[in-house]
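Chemist: Would you be able to build a 3D model of this:
(one chain, ligands or ions: 1)
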Amino acid sequence: MPAPCKIGTLISGGGTNLQAIIDACEHGRIPAKIMFTGSDTPGVRGLDRAEKAGIDTFVVDYKQIISSCRAGGISPDNLPDDIPLAEVMDKQKLMDPEDERTRFFLQSRAIAEKQLLDKILPYDIDLLVLAGFMRVLTPYFIDRINTVPGQYRIMNIHPALLPAFPGTDGYGDTFRYGCKIGGCTVHFVDYGEDTGPIIGQKAFEIEDTDTLDDVKQKGLEKEWELYPACIEKFILQAPATPGA
Ligand code: GAR
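Modeler: Prediction:
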C-alpha cells in the first residue's frame, strides 16, 4: 500500500474544515495523514481539535509580529536572510507596487512567514492545506513550498464561487449582493488573492428568507464535503515520486 500523503494544515479559527479533514483521514476516506496544525492566532478552537486528534500544533502570532514591526520598524537584521525582496515585490499580485505600504506589508509578512517555514519544513509535507487561514501568503513563502516548477502544493478553501467575491468575506459579499446561488471553492494558491487554479466547487440555493447566518451554515456544510474530496483528487492526480 502506498504511504499516506503527508498534509500540513494552517488555521485561524474554529477549524470545522480541519475537523472534516481529520475525520476523513481517520475513517480512511482519504489516504492522508495530518502532520501538524499551525495557527496565526493563539487559543483558537481549531488548535484544540488538532490536539484532541493527537496532531502536533504550533502558533506563529501574526498580530504580535506585525505590531512589533510597526512599533520598532523593520531593519535588514529582522528580515529573513534568504528573502529576495525585489523579486518578491515583482512577483506579488496582492497590493499596488507603487503604494508605499506594500513594502512594509511584504516585509512584515515575510518575517512571520519565516517563522512558519521554520516550523513547517522539517515535516517534509506533500501538501499544505489552508483550512480557514485568514492571512495571504507572499511569494517568499509560496516559493519555498512550491519547489517543483509548475506543481502547486498549497490549497485554500474560499467561501464563494470564485472568481466572484474574492477577499475576506465571501458569504457576506454573496448575501449582500442578493445572489440566489452561493457556494464555496477549493483552489491552489498562487501569487494573487484567491486567483489560483480551481480544484473543485459546490453550490447551494439561497432562499429569499435566508439570513446571512443561514448562508454561512449552508456554505460550511458544503465545505466539509468539498475539502476532503479535493484533497483526495490531489492525491489521485499527484505525479508518482521518482523511484517509488
Ligand atoms: C470557512 O468558511 C472558510 O471558507 C473561510 O473561513 C471559514 C473557516 O471556518 N476561509 C476564508 O475566508 C479564507 N479566505 P472553519 O475555521 O470553521 O473551518
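
Chemist: List the contacts of the residue nearest the centre of the chain.
Modeler: Nearest residue to the geometric centre of the chain (C-alpha atoms, centre = their mean): residue 130, 2.4 Å. By C-beta atoms under 8 Å, 6 or more residues apart in numbering, residue 130 lies in contact with 9, 10, 154, 155, 156, 157, 189. Where C-beta positions appear, they are placed from N, C-alpha and C, glycine not excepted.

Chemist: For residue 102, give me its contacts.
Modeler: So, once contact is read as C-beta under 8 Å, 6+ apart, residue 102 ends up touching 89, 92, 95, 96.

Chemist: ok, and the most crowded of these?
Modeler: The most neighbours of any of the contacts of residue 102, using other C-beta atoms under 10 Å, belong to residue 92, which has 21 neighbours.

Chemist: Show me what secondary structure element comes after the lowest-mean-pLDDT helix or strand in the chain.
Modeler: Least confident helix or strand, the chain: helix 85-91 with a mean of 88, by mean pLDDT, DSSP states H and E. Next helix or strand after helix 85-91 toward the C-terminus (DSSP states H and E): helix 101-120.

Chemist: Do the helix or strand that that following helix is followed by and the ligand come into contact?
Modeler: Reading on from helix 101-120 to the C-terminus, the next helix or strand found by DSSP H and E is strand 127-130. No. Counting by C-beta under 6 Å from any ligand atom, the ligand has no neighbours in strand 127-130; the shortest distance is 7.0 Å.

Chemist: Direction included, what does strand 127-130 pair up with?
Modeler: Here strand 127-130 is paired, per DSSP bridges, with strand 5-11 (parallel), strand 154-158 (parallel).

Chemist: CA atoms only: put that strand into CSV for me.
Modeler: This file holds the C-alpha atoms of strand 127-130, laid out as CSV (Å, rounded to 0.1, in the frame of the first residue of the first chain):
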residue,chain,number,x,y,z
LEU,A,127,0.6,19.2,0.6
LEU,A,128,-0.2,22.3,2.7
VAL,A,129,-3.9,22.9,3.3
LEU,A,130,-5.2,26.3,4.4
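
Chemist: Alright, that wraps it up for me.
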